[in-house]
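> sequence-free structure coming up:
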């Protein structure tokens, strides 16, 4: 299988028909904030993704309806998140969200 070059998620806004995005085993450190600001993606699934949020405020997004995070690793400004409550403000302004699923035990990161 040919390895593809890294994707710049903010460039995906140029694909108006992209409504579902599935990401597997990826480090999105520089692009995490941009991922949650995509203007046309209604369904976002991220499995084993490493997300680093650098913005101080939550992404305002009225489009994402379905969000699935399977075994994510979260950090804020390159500092590991050890409490689930630390991440909640970053998802607070996903106003169209109908369903979300986070299959993880984030709080175990501090114990590993």
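Done, it's in. Keep in mind that what you see is a predicted model, and the values were worked out from it rather than measured.

> What pairs with the least confident helix or strand in the chain by mean pLDDT, parallel or antiparallel?
Least confident helix or strand, the chain: strand 99-103 with a mean of 73, by mean pLDDT, DSSP states H and E. Strand 99-103 has the following sheet partners, assigned by DSSP bridges: strand 66-70 (parallel).

> which other residues reach the strand it pairs with?
Here strand 66-70 makes contact (CB atoms under 8 Å, 6 or more residues apart in numbering) with 42-49, 91, 94, 97-104. (C-beta placed from N, C-alpha, C; glycine too.)

> Quick check: bridge partners of residue 24?
Beta bridges link residue 24 to residue 47, judged by DSSP bridges.

> What's the local residue count around it?
Using other CB atoms under 10 Å, residue 24 has 10 neighbouring residues.

> Surely it and residue 71 touch.
No - if you go by CB atoms under 8 Å, residue 24 and residue 71 don't touch, sitting 10.6 Å apart.

> Overlap of the contact sets of those two?
With CB under 8 Å, 6+ apart, residue 24 and residue 71 have common neighbours 47, 48.

> where are the low-confidence patches of the chain?
Counting by pLDDT under 70, the ranges of the chain that qualify are 1-7, 103-112.

> for it, what spans make up the strands?
20-24, 43-47, 50-53, 66-70, 73-76, 79-80, 99-103 (DSSP state E).

> Buried ones in the last one, by neighbour count?
Within strand 99-103, the residues that count as buried by 16 or more other CB atoms under 10 Å are residue 102.

> How about the fifth one?
For strand 73-76, a neighbour-count test (16+ other CB under 10 Å) marks 74, 75, 76 as buried.

> Ok, the third one next?
Judged by neighbour count using 16+ other CB under 10 Å, the buried positions of strand 50-53 are 51, 52, 53.

> could I get those residues as TSV with distance to residue 60?
Listed next are these as TSV, based on distance: CB to CB, whole Å:
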residue	distance to residue 60
51	17
52	19
53	14
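
> quick one: which of these is nearest residue 33?
residue 53 (6.0 Å; CB to CB).
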